[in-house]
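>>> Have a look at this fold, sequence not included:
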């Protein structure tokens with residue numbers, strides 16, 4: 001099995017996302033997009049990837065070493081030395097390339113024209129492509145040789161080892177997923193591969209097995225995290241950290257199917273341990289000066305559209321809350337990633353808004369400020385403001401005391417009105433109440449809860465929490481309170 005060792009590259013400057021689940025972030029390129037490649041970017045260097053027993057197409061190029069990309073003679077009828085050659089086998093164009101993939105901008109700098117008619121023109125005019133890369137579903141080691149890969153996978157799967165430690169188990173329940181309806185979708189544009197697709201419909205399913213999150217230290221499991229990052233680059237356009245992984249923690253989304261029922265005909269009951277499957281992950285810097293709670297997120301394509309991206313985002317925010325750090329994903333976020341985050345933010349903010357006591361019972365209106373919204377949801381203030389504006393359900397309420405200060409004033413007024421004894425004897429203690437500090441007014445907005453409900457329904461926003469705080473290991477990431485009592 002091939003492994004990777006290379007010089008570190010620059011840290012990411014953009015949150016890279018690809019989860020594609022019910023409006024969750026997905027960086028999958030539009031079919032029939034730039035370069036005429038109907039399934040991905042025209043500068044891809046690997047066509048298909050075999051992850052365990054599942055084979056699927058890549059979206060972008062990745063920086064696998066020349067031991068994989070430098071000689072693909074096993075997929076070509078002719079390959080000599082390190083020179084680039086084209087060959088044809090069974091009607092498909094196969095190629096060899098010397099060295100690892102370069103940056104996509106460099107790949108497009110040759111000025112070669114690309115064909116918009118289909119894959120044949122893409123392969124003729126763009127850098128060579130490995131037909132298939134075999135990846136171990138357990139440790140993500142890789143090979144271009146089927147036999148070598150399969151011998152490794154059999155041993156690795158028997159171990160059933162998941163690196164790191166389990167920190168979260170998601171409670172079983174019902175989820176809404178998108179499934180094919182069997183009805184074709186009309187073809188809207190030319191150049192799409194495979195004709196019309198299938199219409200997707202929502203279906204409520206009951207969870208079986210276990211969904212869990214495992215934390216892996218990039219400094220402890222260096223090779224695993226490097227291989228995982230290289231695999232993730234096949235589906236992330238902007239990911240730029242592959243080898244210098246020691247400064248990151250990786251949070252794996254793992255599915256463990258239920259154990260099979262025992263065989264009643266067996267003489268000796270054999271305990272069969274179900275094999276866990278890593279289906280996605282997100283990474284997080286160990287030390288972030290901007291309090292970023294996420295650097296990169298990916299749900300592997302075969303497991304997208306199942307609500308798993310929202311689970312990963314929810315876990316990242318719950319960890320931030322436990323650490324006492326108000327933050328968010330690394331900025332700037334890609335356009336597609338922003339769509340998924342907006343849906344998550346909208347669900348959290350809408351659920352909080354609808355839980356407030358309305359200031360006006362007749363209209364169901366309440367007055368809030370952005371800082372209060374941020375503190376209640378643990379979402380950065382600028383992200384709260386972005387969502388509130390896009391909801392279109394807010395009105396300017398001018399400046400005034402924050403909601404907490406107003407509630408405190410009302411409580412104090414109620415106490416003062418109910419504590420008078422009315423004896424009028426004039427025997428006061430002479431102790432004056434300490435003056436309370438003035439509260440600086442803040443900019444507030446008036447929100448109609450009825451309008452919030454209508455917006456949630458119109459945009460199909462879920463008000464259920466994506467992550468259950470009770471699912472974490474007891475005490476995980478909890479901020480320790482320093483005792484001030486003398487020893």
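Arrived safely. Just so it is clear, the structure is predicted and the values come from calculations on it, not from any experiment.
>>> which element is residue 67 on?
helix 66-69 (DSSP states H and E).
>>> for that helix, what is the average pLDDT?
For helix 66-69, the mean per-residue pLDDT is 78.
>>> For it, name the packing helices and strands.
Contact here means 3 or more Cβ pairs under 8 Å, 6 or more residues apart in numbering; DSSP states H and E; on that basis helix 66-69 packs against strand 130-135. (C-beta placed from N, C-alpha, C; glycine too.)
>>> Adjacent strands (with direction) for the strand or helix carrying residue 443?
With secondary structure defined by DSSP H and E, residue 443 is part of strand 442-448. Each strand pairing with strand 442-448, determined using DSSP bridges, is listed with its direction: strand 365-369 (antiparallel), strand 394-400 (antiparallel).
>>> Highest mean neighbour count out of those strands?
Mean neighbour counts were taken over the strands paired with strand 442-448 using mean count of other Cβ atoms under 10 Å, and the top value, a mean of 20, falls to strand 365-369.
>>> Quick check: what element follows it along the chain?
Scanning forward in sequence from strand 365-369, with DSSP H and E defining helices and strands, the next element found is helix 370-377.
>>> so after that following helix, what's the next helix or strand?
Toward the C-terminal end, the helix or strand that comes next after helix 370-377 (DSSP H and E) is helix 381-391.
>>> what angle separates that next one from helix 370-377?
If you take axes from the mean of the first three to the mean of the last three Cα atoms, to 10 degrees, helix 381-391 sits at 100 degrees to helix 370-377.
>>> which residues are contacting helix 381-391?
Helix 381-391 is contacted by residues 328, 341-342, 345-346, 349-350, 370-371, 373-374, 377, 394, 445, 447, 452, 455 when judged by Cβ atoms under 8 Å, 6 or more residues apart in numbering.
>>> Serialize the strands paired with strand 442-448 to TSV and add fields for mean pLDDT.
Formatted as TSV, the strands paired with strand 442-448 follow (pLDDT from 0 to 100):
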stretch	mean pLDDT
strand 365-369	87
strand 394-400	80
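>>> Show me the shaky parts of the stretch 351-487 of the chain.
Low-confidence segments of the stretch 351-487 of the chain, defined by pLDDT under 70: 360-363, 403-439, 480-487.
>>> Could you do the chain as well?
Along the chain, the parts satisfying pLDDT under 70 run over 1-42, 70-127, 173-178, 182, 184-198, 240, 267-272, 360-363, 403-439, 480-487.
>>> so where do the helices sit in it?
Per DSSP state H, the chain has helices spanning 66-69, 104-107, 119-125, 146-159, 222-233, 308-323, 335-355, 370-377, 381-391, 403-418, 449-458. These are given in chain order.
>>> CSV for these, including distance to residue 57 and mean neighbour count?
Conversion of the helices of the chain to CSV gives the following (distance: least, Cβ to Cβ, whole Å; neighbours: other Cβ atoms under 10 Å):
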stretch, distance to residue 57, mean neighbour count
helix 66-69, 17, 18
helix 104-107, 17, 14
helix 119-125, 11, 17
helix 146-159, 18, 14
helix 222-233, 14, 23
helix 308-323, 20, 23
helix 335-355, 18, 21
helix 370-377, 38, 19
helix 381-391, 33, 17
helix 403-418, 51, 12
helix 449-458, 34, 16
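>>> Noted, bye for now.
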